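> fold the following.
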Amino acid sequence: MLGNETSGDRTEGEGAGRRALVLVENLSVPFDRRVWQECTTLRDAGWEVHVICPRGEKRDTEAEAVIDGVRIHRYPLRAATGGPAGYLKEYGTALWHTLRLARKVGPVDVVHACNPPDLLFLPALWMKRQGARFVFDQHDLVPELYLSRFDRGEDLLYRAVCALERMTYRAADVVLATNESYRDVAVRRGGRRPEDVFVVRSAPDVDRFHPVPPEPELKRGKPHLLCYLGVMGPQDGVDYALRSLAKLRDELGRTDWHAVFVGAGDAFDAMVELSRRLGLAEQVQFTGRIPDADLARYLSTADVCLSPDPRNPLNDVSTMNKVLEYMVMGRPIVSFELREARVSAGDAAVYAPANDEAAFAGLIAGLLDDPEERARMGKIGQERIGGQLSWRHSQLSLLAAYAAACRDRAPLSVGGRVRTGRRPRR
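From the prediction side, this is the model:
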């Protein structure tokens, strides 16, 4: 039985009569905001959109759902634990379910695979043999993710993930990159032609995600509220943020703040324990994942937002979604010095030298003392999100990528019926 079935406005466009299948392994949909924006953009352009993804734990739990005209097929998946064997089990299960559900969906014009991991090219290759085009949506650079997360160096597993990335690049008809740094990797390391790589930046949905009136009670009786939003994995820098807050208290004598950390991940329990060891339990609140409405309340009340991702091979070239969400809410940001952080935030953030926790704490203190500067930076962030970093620009790039992938081929669906049988490969 299908749940959450609703209808939305449709526009006939270049995708009329075409079917797309989006593959995701590391998040459920529509919880994955980037994927959901891509799906609704394609839907509005006339595509029939299907998604295969894992079920969520507290939301997105139905096996099947039709939401705003997008048909979602979900499978049960337990996140990896226990090292490489755990990941082998997780990815093997995901691939089996993905192939099973892809057979159920049937022929498509485009299979759109989102990493990590760089394994979804395997079901994509099977669908290519049925005539589909393959769009590789590179959310992460998995070799850099491996180096940054596990600190094992360029060992055998590192060489394996590099090989999987090469095979994914080779199999793809076009590549979607989240920023220019990722585009450069696709061209330089992946050997892709520049004209086959399209930058589709992630961006908040400003119609859905916007400031609301601040609620001073969220500050727990303190003059200021600090906020962190995002995943809490080993490479995400929550530990850097907590140690910086301890320095803010102990070395700068500042206790005029309450901090809230919103999100979850592999390191969540460890970060709660670290806050206790640092004596921050009374001033630091961990909420876990919360509904968007509650997230908007915290961000709209925050005086300063934290982006503590340390410099490492992955973070330096990655666009952080939390930075963009801070900007759309008009919040000033403290970040470490990272290449793509500056590209995204510009003067909406201040930047500590890479991984310097004392400097990070000092920048927080400086912003807490300067409400006019905080307001100026917040305005800059909102202007950037509403302009050059808006989803409107990425929508055009996404549709251009699909047009390039489907060039010189007729739609799969003719007269409302889906063609069947093998089609010639390009």
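> contact partners for Leu226?
245, 257-260, 302-306, 364 (C-beta atoms under 8 Å, 6 or more residues apart in numbering). Glycine gets a C-beta too; all of them are placed from N, C-alpha and C.
> check contacts around Glu25.
Contact partners of Glu25, counting by C-beta under 8 Å, 6+ apart, are 53-54, 77, 91, 94, 98, 114, 116-117, 119-120.
> all helices of the stretch 101-250 of the chain, in order?
Assigned by DSSP state H, counting those that start in this stretch, the helices in the stretch 101-250 of the chain fall at 121-129, 142-150, 156-171, 180-188, 238-250.
> and the second one, what's buried?
If I follow you right, that is helix 142-150. Residues of helix 142-150 classed as buried by neighbour count (16 or more other C-beta atoms under 10 Å): 142-149.
> cool, and the last one?
Residues of helix 238-250 classed as buried: 238-249 (neighbour count, 16+ other C-beta under 10 Å).
> counting by contacts, list what that helix packs against.
Where contact means 3 or more C-beta pairs under 8 Å, 6 or more residues apart in numbering; DSSP states H and E, helix 238-250 is packed against strand 224-229, strand 257-262, helix 268-277, helix 357-368.
> save the buried residues of helix 238-250 as TSV, and put in pLDDT and distance to Gly386 too.
Output for those, formatted as TSV (pLDDT from 0 to 100; distance: C-beta to C-beta, whole Å):
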residue	pLDDT	distance to Gly386
Val238	98	29
Asp239	98	33
Tyr240	98	30
Ala241	98	28
Leu242	98	33
Arg243	98	35
Ser244	98	30
Leu245	98	31
Ala246	98	36
Lys247	98	35
Leu248	98	32
Arg249	98	36
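> which of the residues you listed lies closest to Val317?
Tyr240 (18.3 Å; C-beta to C-beta).
> distance check, the closest one against Lys58.
For Tyr240, the distance to Lys58 equals 28 Å [C-beta to C-beta, to the nearest Å].
> before we move on, what about Leu252?
Leu252 sits at a distance of 38 Å from Lys58 (criterion: C-beta to C-beta).
> so what does the helix or strand hosting Ala400 touch, helix or strand wise?
Using DSSP states H and E, Ala400 maps to helix 391-405. Under the contact criterion of 3+ C-beta pairs under 8 Å, 6+ apart, helix 391-405 touches helix 33-44, strand 133-138, strand 174-177, strand 197-199.
> between that helix and strand 133-138, how many degrees?
140 degrees (axes from the mean of the first three to the mean of the last three C-alpha atoms, to 10 degrees).
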